[in-house]
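Q: output the structure for:
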Amino acid sequence: MTFFKRAFQDQSAPQVAERAPALRVASRPSPRGPEAANADASQSGRHSRDIIDEIRERAQGSGALLVESRSRLGAGWELSPMPDVSTKSWLQQAVLLERRAERGTQHLMLIRQDRYMTSAGVGFRREAKEKLRLDCYFCMATAAVVSELLERPVAQANQVAQQSNVSNPEQRGYEIILRAIALDASDIHIEVVKDGRFAPRYRLRMRVNGKVRTCEEATDAAGVAGIESVITALFQNPKIAHESEKSHSTFNPLARCYASLKPPVKKAELRFECNPTVDGYKVVMRLLSYDGKTAAGSSLHALGLSEQMERQLLRATFAPSGLVLVVGATGSGKTTTIATALEADRGSNEKIRVGMEIPPEIGISELAQYKVNLDTLPQVAVGVARSDPDVIYAGEINNHATALMAQDYALTGHLTLATFHANSAAAALMRLMGDAIQMDPAILGMERFLRAVLYQSLVPLLCPDCKQPAADHLEDEQLDLLTGKFGLSVDGMYVRYRHTGDGDRCDRCAGTGEIGRTAIAELVVPDRKFLDFIMDRNVNAAMDHFRSQRDTGFDSPDTRGKTFVEHALSKAAAGEVCILEVFDNVEDLFTYEIRPTVRRDVREVVPGAVAHRTAAEASR
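A: Model prediction:
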């Protein structure tokens, strides 16, 4: 009791709590658990961790108090009645929030400030210490503080509306963007159906960790009209979408519309794309960055590339001239990879670096982004070449004109980076020389022209706290394939755990089994023999030559000569990605062909690995 009387008056109590030993205390049954609290946070457009951090900041200045505990212990125990207050009434006044951290989960119990607060806190502390035999410290926050913080995003949107005289549809658009940020979504999808048997209808969905979630839908004319007014308001406001960075001044759902959006919401930047469909139109808004999240990653290795890929790609990116291509499907992280590579250049302040995306997607330090659209591209391209650049980010190659532009930049002494849509490095090379792009094989095969081709895709990262051993979930033929064909052990492999609604959810991943996504990739740095094959348009032979450089097993993190499929296998062998994900969404491993390898001395191929022999040993 003495401790809490002192803590209520001591402004340093929150700092004491932050230094406290870690433990977890979970009450059961609880009318409001982590799921409900996170739902409240999501509906308000905020992460729980943002609310928690603000509570802590306010506590330091206002004396508001917060119950804090942290641990990696298992699910909780029954909370016994405490002195002067029943368990039921105490739980009814409590809100439990959680913050997922690198080491375990942080749980915060927010309790109303009333006449029972002191006894509830003392009882809670005593029960925790007796049952877990760990010291713990607590401070508390009032319900008013929590309520205000949960409601603040809507209040902020209202404030923006009042200050800027924006319409209600625009305000609703801000709230949708806030919700996407709270979910850490990569894309916002809005499908509008105006004609046909399913009209009227709209559906709002968001892509989170590669999976699409439905957030809203309606089948009435008023609902469709409401979402259309939101789309129009976001696109047509010149303060959000600058005229020079969009296709039309007014929104036209009957034609392709694109824009770069910068709404007054957590400094967010989005790429807006709309295309007509047979019965309406579809809008996709890619969330590029916002306050607290940038387009670039901390490093290429952190994005998922192997250490070897990181070294090779950075060497190519820092070359004095030539072309570096990052290829993949839509949403595979191509732009993020280029941004991360450019941010890694410590000598960027000694170079002139320019970008010319349509529309600009990323903000990179020491990179001047030119305002350009399809109509002004030819004139801007000439201006860029005359502006004395060292490095040019040419954006996406999607036709002969953009390919010719990137080619000319690379041939005239500029290091040129570009993105390209293809489902492998081989497919990228075939597309470049195909009828649509028409890049000359004689140029593509020149020395010092094509510096590197990186293909990448994104797969879910397994939650380390709830992943399940793969041996218990694989079919016999899958086990035989992995051990026989690829020479892999399944002992270190895992599969994703899916929460079915029974029992407690995993604290770290909230029952999804995933904690983000990681890149699987293949990086081709052409040598002379590879380029000779390209000059002859023999892409298959070129890739066979690349794959012949593999001299490690499929469980090795060494990616020399390995395809993206083999990179995925190495991550599955390390327990980072679900092996069933590799089977289902990466490649058909049953028909996948393992290429023979040729070593500098003499080499024989064994399943999943390479056994080396010297020439003398081979002659015996």
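Q: so which elements touch the top strand by length along the chain?
A: If you go by DSSP state E, the chain has its longest strand at strand 450-462. Contacts defined by 3 or more CB pairs under 8 Å, 6 or more residues apart in numbering; DSSP states H and E place strand 450-462 against helix 307-317, strand 322-328, helix 334-343, helix 425-432, strand 514-524, helix 564-573. All C-beta atoms are positioned from the backbone trio N, CA, C, and that covers glycine.
Q: buried stuff in stretch 580-588?
A: Residues of stretch 580-588 classed as buried: 580-583, 586-587 (neighbour count, 16 or more other CB atoms under 10 Å).
Q: ditto for stretch 428-437
A: Of the residues in stretch 428-437, 428-429, 431-433, 437 count as buried by neighbour count, 16+ other CB under 10 Å.
Q: domain-wise, how is this protein divided?
A: 2-149, 166-289, 300-459+517-548 (automatic domain parsing).
Q: helix, strand or coil for the closest residue to residue 205 other than its chain neighbours?
A: Distances taken as CB to CB, 6 or more residues apart in numbering put residue 189 closest to residue 205, at 4.4 Å, once the chain neighbours are dropped. Secondary structure, DSSP: H, G, I helix; E, B strand; the rest coil: residue 189 is strand.
Q: just to revisit the earlier point, in TSV: the buried residues of stretch 580-588, plus secondary structure.
A: Shown next, in TSV, are the buried residues of stretch 580-588 (three-state DSSP):
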residue	secondary structure
580	helix
581	helix
582	helix
583	helix
586	helix
587	coil
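Q: identify the farthest-apart pair in those residues.
A: 580 and 587 (12.7 Å; CB to CB).
Q: around residue 273, how many other residues sit close by?
A: 18 (other CB atoms under 10 Å).
Q: alpha carbons only: can I get stretch 180-189 in CSV?
A: Coordinates of each C-alpha in stretch 180-189 appear next as CSV, following Å, rounded to 0.1, in the frame of the first residue of the first chain:
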residue,chain,number,x,y,z
ALA,A,180,-5.0,1.2,-43.7
ILE,A,181,-2.1,2.7,-41.8
ALA,A,182,-3.3,1.1,-38.6
LEU,A,183,-3.5,-2.3,-40.3
ASP,A,184,-0.1,-1.8,-41.9
ALA,A,185,-1.8,-2.5,-45.3
SER,A,186,0.2,-2.1,-48.5
ASP,A,187,-2.8,-1.4,-50.8
ILE,A,188,-6.4,-0.2,-50.5
HIS,A,189,-8.8,-1.7,-53.1
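Q: contact partners of that stretch?
A: 41-42, 44-47, 176-177, 203-209, 212-213, 265-266, 268, 270, 282-287, 290, 293, 331 (CB atoms under 8 Å, 6 or more residues apart in numbering).
Q: also stretch 487-500?
A: 460, 462-463, 466-471, 473-474, 479, 482-483, 505-506, 510-514, 553-555, 569, 572-575, 578-581, 606-609.
Q: and residue 238, what helix or strand is that in?
A: Using DSSP states H and E, residue 238 maps to neither a helix nor a strand.
Q: and residue 380, backbone torsions?
A: phi -60, psi -40 (degrees, to the nearest 10).
Q: isn't it right up against residue 374?
A: No: here residue 380 does not reach residue 374: they are 10.7 Å apart, not a contact under CB atoms under 8 Å.
Q: more crowded one of these two?
A: residue 380 (18 against 12).
Q: quick one, what contacts the nearest residue to the more buried one once chain neighbours are set aside?
A: Setting aside the residues directly before and after it, residue 380 is nearest to residue 372 in space (CB to CB, 6+ apart), at 4.4 Å. Each residue near residue 372 by CB under 8 Å, 6+ apart is listed here: 356-358, 380.
Q: before we move on, what about residue 278?
A: 195-196.
Q: pLDDT score for it?
A: Confidence at residue 278, expressed as pLDDT, is 94.
Q: against residue 247, how distant is it?
A: Going from residue 278 to residue 247 by CB to CB, to the nearest Å gives 21 Å.
Q: so which residues of the stretch 151-300 of the chain form strands?
A: Using DSSP state E, counting those that start in this stretch, the strands of the stretch 151-300 of the chain run over 187-193, 201-208, 211-218, 257-261, 269-277, 280-289.
Q: who touches the longest one?
A: Put plainly, it is strand 280-289. Contacts for strand 280-289 (CB under 8 Å, 6+ apart): 177, 180-181, 185-195, 199, 231, 253-254, 261, 267-275, 295, 331, 335, 361-363.
Q: for that strand, which positions count as buried?
A: For strand 280-289, by 16+ other CB under 10 Å, it's 280-289.
Q: report the two of these separated the most.
A: 280 and 289 (29.5 Å).
Q: and which of the buried residues of strand 280-289 is nearest residue 403?
A: The shortest gap between residue 403 and any of the buried residues of strand 280-289 belongs to residue 286, at 23.2 Å (CB to CB).
Q: tell me who's in contact with residue 577.
A: By CB under 8 Å, 6+ apart, the contact set of residue 577 is 459-462, 518, 520, 568, 571.
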